[in-house]
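Student: Here is a sequence with its predicted model. Questions after.
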Amino acid sequence: MTLLSVIGALIVLGFVATFAGLSTWVERKVSARIQSRHGPMYAGPQGILQFAVDGVKLLFKEDIIPAAADRILFSIAPYIVFMSAFAMFAALPWSRGLTCADLNIGVVYVIAVGGGGVIGILMAGWSSGNKYALFGAMRAAAQIVSYEVPAAIVLLTVVMIAGSLGMQDIVKSQEGGVHHWMIFQYFPFNAIGFILYYICALAETNRTPFDIPEAESELVAGYHVEYSGMRFSVFFMGEYAAMFATSAIATTLFLGGWQPPYPGLFLPDALGVLEGLVWFMLKALTLVLVMIIIRWTVPRFRVDQLMNLCWKVLLPVALFDMMAVGTWMSLEMGLVDFLRAATQGA
Amino acid sequence: MYALCFWFLAVLTIGSACVVAFSKNIVRSAFSLLLTFWGVAGLYAMTGADFLAAAQVLIYVGGILVLILFAVMLTHRITEFKLANDASYTPMSLLAFGSVLTILCWTVGYAVDWQESPLPPAASTEPLGKALMNEYLLPFEIVSVLLLAALVGAAYLARKEVKGGGPAADAAK
């Protein structure tokens, strides 16, 4: 059991590293396409091996620790950012019966460990001994803490409908084809909730239009400005891991997780698990791709616009959404009770 | 395996708590609280209090620690400030420390009759939720109203008085 979980963790770690590498390539290709360029072309067909070349370069680059930095905190900060993104992967339901740890508090766990990344970012910003890095870290922390609020309320709404905090239970509650997916239940409230969660996911992973923590025109590169070499690439991996994790959570909660759009899995046992995994990956990676496309098509928000959007738009809409779904649910339950009482009376 | 996990978490919690207490650098103290909170959450999880463990991380790491870090970092030149946790009142503090330690050790070792639960730890989320929504609904609601009042009060205290309207007033809010 212990050995099995270690192997599982290693497989997921390998997946995250490969995913981060390949998505940097996708990111550069998409940005190139949007800006009428070619992007990386030389390493491998269409430059697909560019991430391996970059990885080798980053490995051999000097790992500079500035003289003004706090050495210990500066060294461990990137790993805390990466670990808190990676820890979310433990609860993801990859396919039917395929989860590293099927926690019965999966949703709470994911919100909780995901919040740890803020600490790593603050640590990086403060320990760099650079005021731009500190500003970037402050902005990132304020932003992430704020956007966690509407995100958590939207997740609560889904938990309310599914009646469980476990990720696999939530997926099971969306069984039976595309119209049973959470996004199409209680229409249009859950569809709005999905969009809200996706916006918050963009903000929590510091992606454009919410990338003011790393706004290069104001802050050079934000909290990781002083990092080079391997530690820099660990930050990068953390960002891409968080992107995949939040997309996977959105998939699990709203798009039916590993459930295919047709009712039930076609293939028997082991192949069926593979079928579920393919659907899960397809949905989650599509969401990641949309994140990448959004990054290269919209400009960045200002700080005050960002906070206004969170507290004056997203939060009220999320609260209204939860109230609406709750009212709908209790009306449904009330109707069922009323009919039961009526039939018994007659 | 269980004992190994326990000792790892115990050493992690106490070690990082010592750094919090003895470090001369207040920012390092604040950061090593992270490990203390994680260690305590791990200990909760090992006793079967899974929901409490997740709530511990959610509230203390995601909320309170970030707040502490903000306060520490926004204070001007806080690292140059000499902290007053040097040995100022050694005999008195040793006496206080020793007596509290004795009481705690006596309670844990002798006063309480510990019994190992025959049942494996069950999921605690559902009973907790049911208890909060049925038996303890009134205290739960009172606590949430109290928290709301504290929030409104904090926002009122932090708010800047702005005369007139316009974009400047909006930005100040």
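Tutor: Cool, the structure landed.
Student: Which strand or helix spans residue 113?
Tutor: Since no chain was named, I'll use chain A. Using DSSP states H and E, residue A:113 maps to helix A:106-114.
Student: can you pull the contacts of the residue of the stretch 151-300 of chain A found nearest chain B?
Tutor: Closest residue of the stretch 151-300 of chain A to chain B, C-beta to the nearest C-beta: residue A:165 (6.1 Å). C-beta: built from backbone N, CA, C; applies to glycine. Contact analysis of residue A:165 by C-beta atoms under 8 Å, 6 or more residues apart in numbering or on different chains lists A:104, A:105, A:106, A:107, A:108, A:159, B:125.
Student: what's the most distant pair in the residues you listed?
Tutor: Pairwise distances across these (C-beta to C-beta) peak at 11.8 Å, for the pair A:104 and A:159.
Student: distance of the most centrally placed residue in chain B from residue A:326?
Tutor: For chain B, the residue nearest the mean C-alpha position is residue B:60 (5.1 Å; C-alpha atoms, centre = their mean). In this view, residue B:60 and residue A:326 are 29 Å apart by C-beta to C-beta, to the nearest Å.
Student: repeat for residue A:181
Tutor: Going from residue A:181 to residue A:326 by C-beta to C-beta gives 20 Å.
Student: Between those two, point out the one with more neighbours.
Tutor: residue A:181 (22 against 15; other C-beta atoms under 10 Å in any protein chain shown).
Student: Name the nearest residue to that one, ignoring sequence neighbours.
Tutor: residue A:256 (4.1 Å; C-beta to C-beta, 6 or more residues apart in numbering or on different chains).
Student: Point me to the residue of chain B nearest chain A.
Tutor: Nearest residue of chain B to chain A, counting by C-beta to the nearest C-beta: residue B:62, 3.1 Å away.
Student: who are the neighbours in contact with the residue nearest to that residue when sequence neighbours are not counted?
Tutor: Take residue B:62 and drop its neighbours on the chain: the residue closest to it by C-beta to C-beta, 6+ apart is residue A:115, 3.1 Å away. By C-beta under 8 Å, 6+ apart, the contact set of residue A:115 is A:84, A:144, A:145, A:148, B:57, B:58, B:61, B:62, B:63, B:66.
Student: Mind checking which of these are in strands?
Tutor: With strands defined by DSSP state E, no entry of the contacts of residue A:115 lies inside them.
Student: Adding distance to residue A:154, write these out as JSON lines.
Tutor: Converted to JSON lines, the contacts of residue A:115 look like this (distance: C-beta to C-beta, whole Å):
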{"residue": "A:84", "distance to residue A:154": "20"}
{"residue": "A:144", "distance to residue A:154": "16"}
{"residue": "A:145", "distance to residue A:154": "16"}
{"residue": "A:148", "distance to residue A:154": "11"}
{"residue": "B:57", "distance to residue A:154": "20"}
{"residue": "B:58", "distance to residue A:154": "16"}
{"residue": "B:61", "distance to residue A:154": "21"}
{"residue": "B:62", "distance to residue A:154": "17"}
{"residue": "B:63", "distance to residue A:154": "18"}
{"residue": "B:66", "distance to residue A:154": "21"}
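Student: thinking again about what came up before, mind checking how far the helix holding residue A:113 is from the chain centre?
Tutor: In terms of C-alpha atoms, centre = their mean, to the nearest Å, the centre of helix A:106-114 is set 12 Å apart from its chain centre.
Student: for stretch A:272-279, same thing?
Tutor: 21 Å.
Student: For that stretch, buried residues please.
Tutor: A:272, A:273, A:275, A:276, A:279 (16 or more other C-beta atoms under 10 Å in any protein chain shown).
Student: Return the item of the residues you listed having minimum pLDDT.
Tutor: Of all those, residue A:272 has the smallest pLDDT value, namely 80.
Student: Where does chain A get nearest to chain B, residue-wise?
Tutor: Closest residue of chain A to chain B, C-beta to the nearest C-beta: residue A:115 (3.1 Å).
Student: residues contacting the residue nearest to residue A:181?
Tutor: By C-beta under 8 Å, 6+ apart, residue A:256 lies in contact with A:171, A:174, A:178, A:180, A:181, A:182, A:283.
Student: Quick check: helices, which of these are part of them?
Tutor: Of the contacts of residue A:256, the ones assigned to helices by DSSP state H are A:171, A:283.
Student: The contacts of residue A:256 into JSON lines, with extra columns for pLDDT?
Tutor: Formatted as JSON lines, those follow (pLDDT from 0 to 100):
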{"residue": "A:171", "pLDDT": "86"}
{"residue": "A:174", "pLDDT": "85"}
{"residue": "A:178", "pLDDT": "81"}
{"residue": "A:180", "pLDDT": "82"}
{"residue": "A:181", "pLDDT": "84"}
{"residue": "A:182", "pLDDT": "82"}
{"residue": "A:283", "pLDDT": "91"}
